[in-house]
Structures are given as C-alpha cells and as structure tokens.
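> after the sequence you'll find the predicted model.
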Amino acid sequence: MSAEIPMSACLRIRRGLGLRRPLRSMAASRRPHDSRRRTSSGFTLVEVLVGVAISLAIIAGALATAGLQLGEHHRLMLELQVQQDLRATAELMLHDLRRAGFRDRPQDAVWREDRPARDSNPPADITVDDAGRRITYSFARGDVAVNGGSNKGSGSGASIDPATDVRETSGFRFAQGRLDQLIAGRHQPLTDPAVLRIVGFQAWLGSIDHALGDLCPTPCLASECGPFLRSLQVRFVIEAEAVHDARVKHRIEAQTRIRNDSLSGSCS
C-alpha cells in the first residue's frame, strides 16, 4: 500500500527543488508583452496610403465632373449667342429686302392721257450675282429731287421724271467670314467677326410672271402680246460658327417676297 504524502510536504519539496521561482519568472516575463499588445493602436502605413489614394480618386472625379459641366454650360451659351446673332441678322436682311423697288409716288404709275406709258417701277430690279454671294437692289424716294428740293404737297398733278428720282442702292455680300451691308455706297460689317464667323452664304432669286393680256382693249395670249406683272422672291441660307469654338455651328434659312412688283410690256 502506498502512503499518501501530505500537501505541506509537497510544498516543502517544491521549495527545495526551486520550482516556484521559475514559474514566477515566466509569468513576469509574459506580463510586459501582453500589456504592449493590449495598448498598441492606429493605422499602418499601407492603410494610410490606401486611404490617401481613394481620397485623391474621389477629388479627381469631382473636379472632372465640375469641369465637364462648366464646359457644357459654356458651349450652350455660345450656341445661344450664335443662334440669336443669326436670327437678328436674318430679320434685318428680310426687313431691308422688302424695301427693294419702293417709291414714294405710286400714283405716277397710273396711266393718264396726257402722259405716255412708261415703266411703272424703275428701281424694282434686284440682282443676285457673285455665285449667289451678293444681293444688290435699289429703291427710290420719288418726292426728293436731285437738287435737294422737295415736291411734297405739290398737288396731285405734280410728277417727277424717273431720271431725276433719287435712288438709294443697298444690298448684302459675303466676304472674309462676315456679312456686309451696302449703306450710302460703302459696305459695312453686318455681323461681328470677333464673335461670329460666317462660313457660308447663298442667295437665290425667283420670279413669277402674271399675264395681263386679257386686260388690254384687244385681249391676246401672254406669249404673243400684252403686259405682265413680275413678282420676285428672295431666298437665302446663312451658315455660321462661333469664333471661340468651331464645334458650335448653326444654319438658318429665310425667304421673303419682294412687295414692289414690276410691270413690263404693253398692249399692242
């Protein structure tokens, strides 16, 4: 039978062998390491670099989006400016073209027994030349004489000879990336070349003849005799682009009927 060793005896044996001190030294050696692990915190260098890269990517995307929006806004403003300038130019041209062949004394065109028949509207001619890049027309103020006198209020019987009527010549032309208007014998810019560049201009002149032979005392066919009334119509196309951005382009087309018709021919 084995005898049981008391607990006190075991403790004495362990003290004698020196087993308690190494255990304390091992526990003491572990405590500083565990405390250092518990108190360490923060980000590593790799984590900081990844965060900086993500932030820079977000900022770059925001700046690129803002730049695209600003560029689109600038382009829209240029398109609006080009459209407004072209519309204003076309309206001005149409308004001035309607004056072609105008006279202040239409009563002179009425036939009278004491005056031989003549052309009812001398300045009604309008020409389109230079391959459709130039329009020229004239209009006369019948109440103004060459010497500067005025015949207004001279009575219904007063008449001015066509040779003495003061004719004002006007027109438009396309030259050097702009449109010019003929005013007082000189061409002046109609469009601003610093903002708008005209890249194309083309004009066409059409006419319609209305036979008046059946109104003669002896009616006849229009192809054989009799006067005719000629109506004119002008159509033009303008193409332009912005000076600061050639991608901004606009095209406008307009047409108008000349109000003052010309009468040609006579009853035979």
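Perfect, thanks for sending it. Numbering: from 1, shown residues only.
> could you break this structure into its assigned domains?
7-31, 69-140+166-264 (automatic domain parsing).
> lowest average confidence across those, which one?
Comparing mean pLDDT across the domains of the chain, the weakest is domain 7-31, with a mean of 56.
> need the helices for the chain, in chain order.
In the chain, the helices defined using DSSP state H lie at 7-17, 20-39, 45-97.
> ok so, going back, out of the domains of the chain, nearest to G61?
Between G61 and the domains of the chain, the tightest spacing by C-beta to C-beta is seen for domain 69-140+166-264, at 12.7 Å. C-beta here means a position set from N, CA and C on the backbone, and glycine is covered the same way.
> returning to what we had before: redo the domains of the chain as a markdown table? Include mean neighbour count.
Listed next are those as a markdown table, based on neighbours: other C-beta atoms under 10 Å:
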| stretch | mean neighbour count |
| --- | --- |
| domain 7-31 | 10 |
| domain 69-140+166-264 | 16 |
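> how about those in JSON lines, adding distance to L56?
Formatted as JSON lines, the domains of the chain follow (distance: least, C-beta to C-beta, whole Å):
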{"stretch": "domain 7-31", "distance to L56": "44"}
{"stretch": "domain 69-140+166-264", "distance to L56": "21"}
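> which stretch among those domains comes nearest A57?
Closest among these, using C-beta to C-beta: domain 69-140+166-264, at 19.0 Å.
> quick one: end-to-end length of that closest one, please.
62 Å (C-alpha to C-alpha, to the nearest Å).
> do the same with stretch 236-254
For stretch 236-254, the end-to-end distance is 6 Å (C-alpha to C-alpha).
> quick one: contacts of it?
Identification of contacts with stretch 236-254 by C-beta atoms under 8 Å, 6 or more residues apart in numbering yields 74-75, 78-79, 81-83, 85-87, 89-90, 93-94, 135, 179, 191, 193-204, 235, 255.
> again, 6 Å this time
For stretch 236-254, contacts defined as C-beta atoms under 6 Å, 6 or more residues apart in numbering pick out 78-79, 82-83, 86, 90, 94, 195-203.
> now G200. Nearest residue, chain neighbours left out?
Nearest residue to G200 in three dimensions, chain neighbours excluded: E239, at 3.7 Å (C-beta to C-beta, 6 or more residues apart in numbering).
> contacting residues around stretch 179-189?
By C-beta under 6 Å, 6+ apart, stretch 179-189 touches S170, G171, F172, R173, R178, L190, T191, I198.
> if I pick the last one, what's in contact with it?
For I198, the contacting residues are G177, R178, L179, A240, taking C-beta under 6 Å, 6+ apart as the criterion.
> ok, now the first one?
Contacts for S170 were tallied using C-beta under 6 Å, 6+ apart; they are L182.
> go again with 7 Å.
D96, Y137, L182, I183 (C-beta atoms under 7 Å, 6 or more residues apart in numbering).
> my guess is S262 meets R230, correct?
Yes. Counting by C-beta atoms under 7 Å, R230 is a contact partner of S262 at 4.9 Å.
> so who does Q202 touch?
Per C-beta under 7 Å, 6+ apart, neighbours of Q202: G132, F236, V237.
> out of the residues you listed, which sit inside strands?
F236, V237 (DSSP state E).
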